[in-house]
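# The sequence and its predicted three-dimensional model are supplied below.
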Amino acid sequence: MSPELAGLLAGLALVDSTSFGTLLVPVWLLLAPGRVRVGRVLVYLGSVAGFYLVLGLALLAGAAVLGGPARRAATSSPGFVAAVVVGVALVALGLWMEPLTAAGKRRRAARRGGRASGPERLLRWRDRVVADDASPRALAGLAVAAGAVEAVSMVPYLGAIAALTASGSVPLVRVAALAVYCFVMVAPALVLLLARVALHGLVAGLLGRVDRWLTRTAGELTATVVFLLGAYLAAYGVDGLGWADVL
């Protein structure tokens, strides 16, 4: 594996390490009242990393089987048109999820009516996470559920799978790289766990600030990822069709 690819994968993994499932939920576990229950945090993080490892292996296997036909389809005229259509739809979805203007935000609030907002839904998740009666099986299930919800919008993770597929590395190297990637995804949470155990309440303020920021911006971050993915797909299709020269 080249140093360039290793650096790219490390950067993408660090971006993925700041998601709802890989950082916010562990922060909730660390902020739970009473003594830090290290085992609960490790069960959760292990389940998250394991979920993404299994998902990545499945995607790598699928890419190995369908890589040729998929590449030919993606570089054909119908494939470029599909990229434009899907890209525009994702851009519209991202703007619908998180409008750019104040008027759009007011319309979104009116549309939601009495339904719970994103932060309110996250607070309900937090109540489930910090409950004293949450068993290891429940935490593992929560980790898989969080990973499944996020998987579609985790563009860096999908980009890492694409980079590994295109690298031409032998399967063993790709599997090892994917395992390291999944470890890096949960590494910041592990560092916070070590700090919480070693420094006790001294890091509670930092954890609280991280919690408030991620809870407040979770919806915005998801909408931004969807918007950027749509913009990338649309630009890819436009360039492939030669419309960029016309525009």
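Sure thing, it's come through.
# Can you name the residues that contact Gly87?
Leu229, Gly230, Ala231, Tyr232, Leu233, Ala234, Ala235, Tyr236, Gly237 (CB atoms under 8 Å, 6 or more residues apart in numbering). Using the backbone N, CA and C atoms, a C-beta is placed for each residue, glycine as well.
# rerun at 6 Å
Gly230, Leu233, Ala234 (CB atoms under 6 Å, 6 or more residues apart in numbering).
# Narrow those residues to those in helices?
In this view, those that belong to helices under DSSP state H are Gly230, Leu233, Ala234.
# Hmm, Leu90 and the first one touching each other?
Right, the one you point to is Gly230. Yes: the pair Gly230 / Leu90 is scored as a contact, 2.8 Å apart, by CB atoms under 6 Å.
# got a list of what the spatially most central residue of the chain touches?
The C-alpha lying nearest the average C-alpha coordinate of the chain belongs to Met154 (CA atoms, centre = their mean; 3.5 Å). Contacts for Met154 were tallied using CB under 6 Å, 6+ apart; they are Asp16.
# same check, this time on Tyr181
Applying CB under 6 Å, 6+ apart to Tyr181 gives the contacts Leu9, Ala13, Ala160.
# Tabulate those (CSV), appending neighbour count, secondary structure and distance to Pro26.
Listed next are those as CSV, based on neighbours: other CB atoms under 10 Å; DSSP: H, G, I helix; E, B strand; the rest coil; distance: CB to CB, whole Å:
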residue, neighbour count, secondary structure, distance to Pro26
Leu9, 22, helix, 22
Ala13, 22, helix, 16
Ala160, 27, helix, 21
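# out of the residues you listed, who's nearest Arg37?
Proximity of these to Arg37 (CB to CB) peaks at Ala13, which lies at 26.2 Å.
# Any chance you could list what contacts stretch 137-146?
Gly21, Arg40, Val43, Tyr44, Ser47, Val48, Phe51.
# contacting residues around the second one?
If a contact means CB under 6 Å, 6+ apart, then Arg40 has Leu29, Leu139 as its contacts.
# Phi first, then psi, for it.
Dihedral pair for Arg40: phi -60, psi -40, per degrees, to the nearest 10.
# mind checking pLDDT for it?
For Arg40, the pLDDT comes out at 86.
# so where's this protein uncertain?
67, 70-71, 74, 98-135, 149, 151-153, 215-219, 221-222, 244-247 (pLDDT under 70).
# Can you show me the helices along it?
3-16, 25-31, 38-74, 77-97, 102-112, 118-130, 136-151, 155-167, 171-199, 204-241, 243-246.
# Quick one: neighbours of Leu233, just the number.
Using other CB atoms under 10 Å, Leu233 has 20 neighbouring residues.
# any idea how far Leu60 is from it?
Separation of Leu233 from Leu60 (CB to CB, to the nearest Å) stands at 21 Å.
# ditto for Val81
On the measure of CB to CB, Val81 and Leu60 end up 28 Å apart.
# Between those two, which is the more surrounded one?
Leu60 (19 against 13).
# Looking at the contacts of stretch 137-146, which is nearest Val86?
Among these, and counting by CB to CB, the member closest to Val86 is Gly21, at 24.7 Å.
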